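Structure, please.
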Amino acid sequence: MIRPQTSRRAFLRSSGVTLALPVMESFALSAPKTGLKKPAKRMICLSNNYGVYQKAFFPATGGRDYEMSHTLKPLEKHRNDFSVFSNLDHGLTGGHACVPTFLNGIRPDMSSSFPEGNISMDQKAAEFVGAATRYASMTLKVKENNQTSFTRTGVQVPSIDVTAMYRKLFLEDSAEARTQEELRLQRHGSILDTVLGRAKDVNKKLSKQDQQKFAEYLDSVRSLEKKIDLQRPWLDQPKPKTELKEPHPARQTADEMKIMMELMALAIETDSTRIMTMASGFANGDFGLNGGYHGFSHHGELPEKTEALKLIEQNQIAQMAYLIDLLKAKEDTLNGGTLFDHTMILFGCGMATGTHSCKNMPLVLAGGGFKLGEHVVLPEGKFERVKACNLLLSMLQNFGLEIDKFGTSTGTLTGLEWT
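This next block holds a predicted model:
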């Protein structure tokens, strides 16, 4: 049994004094300082690092009456609540170098050419959420490191396993740990004060072009300063309680992924975070198989390898279906309806196949906010192809961001209707 946080508080600050206000529904739902508006939206992104075996993944026909493919079979009962997309990709090459592009469309080595670098969709949304939740986002892993989350400065966000996630959600930090965190925030604040204090002197010595770059840098510093101020109140706020025992990574990937899905659902139910990304891999011995995911992905159409991929990837989709089951079963106390009604779940990978092709990314979108339930077949021709970032932009807008560009997008995804 989970007892959700009852300590969602607003804070009144003046002249260095912080006063905690009583719990009030208005503050919990609107969160005016973070840009969030009712309803509270959530976003979950699921990936692997090797793409999929496409012949088993994509349905043979488009539209709403398509026959479910082998890999997508576990989602059959939810077919009205998800769509699968064909011929969407980022237009990139580079094999494994494209794995980090899943949520941004930009290889790390290309990031300097873009105004926001290679910030990923989840971290863009996390900036928008701010301190409305204890964790602006969570980056997770099962048997494989998550390579898809990047800040706007190009830093890859480290991922955590089921044990670390449980501890973050439910175990209170020690008094010493809280003191260390407060000191860390104070130290960063002092550094920022020093940087901003010297800004005018530095600016006088720069050319006009460099002054513009410096202004952008100062904006990022002020943004970080604001983020630090928003983090402080959470140090003294109690975490939700649970009777669930601390989990540990399981030997079988399917078992560990199931635990992770349950924790993700609890994270949303307790409003500990509204944004999560998770990468999953494969452990030798899963499903009675002998080998590694990377080796299987270079299949050469050998039946023993393609059958292995079908087992691994159908399990990933089965875990997505289980997460949908969990979210549909829980009431959404912030918005009404179920948690699933206001949660977007995206499955995919930046490298489309283990044979290093990045063309035709495997993309499945489920959840609330869009009219779903079909196999959307987009133009296949070289000069007609649609950017996968158009889908990411549509998701960010649905999440609440008022933006008209993200990554390499050329607009929102035509035909993806809001509900």
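
can we go C-alpha only for contacts and neighbour counts from here?
Fine.

Mind giving me the packing neighbours of the host helix or strand of residue 314?
Element membership for residue 314, per DSSP states H and E: helix 303-328. Judged by 3 or more C-alpha pairs under 8 Å, 6 or more residues apart in numbering; DSSP states H and E, helix 303-328 is in contact with helix 253-269, helix 293-297.

Turn those into JSON lines, including mean neighbour count.
Listed next are the helices and strands packed on helix 303-328 as JSON lines, based on neighbours: other C-alpha atoms under 10 Å:
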{"stretch": "helix 253-269", "mean neighbour count": "21"}
{"stretch": "helix 293-297", "mean neighbour count": "18"}
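
Residue 97 is nearest to which of those?
Closest approach to residue 97 among those is made by helix 293-297 (14.3 Å; C-alpha to C-alpha).

Buried residues, the helix holding residue 314. List them.
Of all the residues in helix 303-328, those buried under the rule 16 or more other C-alpha atoms under 10 Å are 305-324, 326-328.

that older thread, so can I have CSV of the helices and strands packed on helix 303-328 showing mean pLDDT and distance to residue 200?
Converted to CSV, those look like this (pLDDT from 0 to 100; distance: least, C-alpha to C-alpha, whole Å):
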stretch, mean pLDDT, distance to residue 200
helix 253-269, 97, 44
helix 293-297, 97, 52
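
of all these, which lies closest to residue 374?
Here helix 253-269 is closest among those (C-alpha to C-alpha), at 24.5 Å.

contacts for the closest one?
For helix 253-269, contacts defined as C-alpha atoms under 8 Å, 6 or more residues apart in numbering pick out 2, 4, 42, 142-143, 162, 165-166, 169, 247, 249-250, 273-274, 276, 280-283, 286, 315, 319-320, 322-323, 326-327, 330, 332, 339.

hmm, back to that, let me know the average pLDDT across the helix holding residue 314.
For helix 303-328, mean pLDDT rounds to 98.

Next, the angle helix 253-269 makes with it.
20 degrees (axes from the mean of the first three to the mean of the last three C-alpha atoms, to 10 degrees).

List the strands paired with the helix or strand following helix 303-328, with their directions.
Next along the chain after helix 303-328, taking DSSP H and E as the criterion, comes strand 343-348. Here strand 343-348 has these sheet partners by DSSP bridges: strand 42-47 (parallel), strand 363-367 (antiparallel).

Tell me how far the last one lies from the chain's centre.
Between the mean C-alpha point of strand 363-367 and the mean C-alpha point of its chain there is a distance of 13 Å (C-alpha atoms, centre = their mean, to the nearest Å).

Next secondary structure element downstream of it?
strand 375-377.

helices or strands up against that next one?
Short answer (3+ C-alpha pairs under 8 Å, 6+ apart): strand 375-377 packs on strand 82-86.

pLDDT (mean, whole number) over the strand it packs on?
If you average the pLDDT values across strand 82-86, you get 98.

Give me the contacts around whichever helix or strand comes after it.
From strand 82-86 onward toward the C-terminus, using DSSP H and E, the following helix or strand is strand 88-89. Applying C-alpha under 8 Å, 6+ apart, the external contacts of strand 88-89 come out as 350, 358, 359, 360, 361, 363, 378, 385, 386, 387, 388, 389.

Enumerate every residue touching the residue lying closest to residue 286 once chain neighbours are set aside.
The shortest distance from residue 286 to any non-neighbouring residue, by C-alpha to C-alpha, 6 or more residues apart in numbering, is to residue 252 (5.8 Å). For residue 252, the contact set (C-alpha under 8 Å, 6+ apart) comprises 283, 285, 286.
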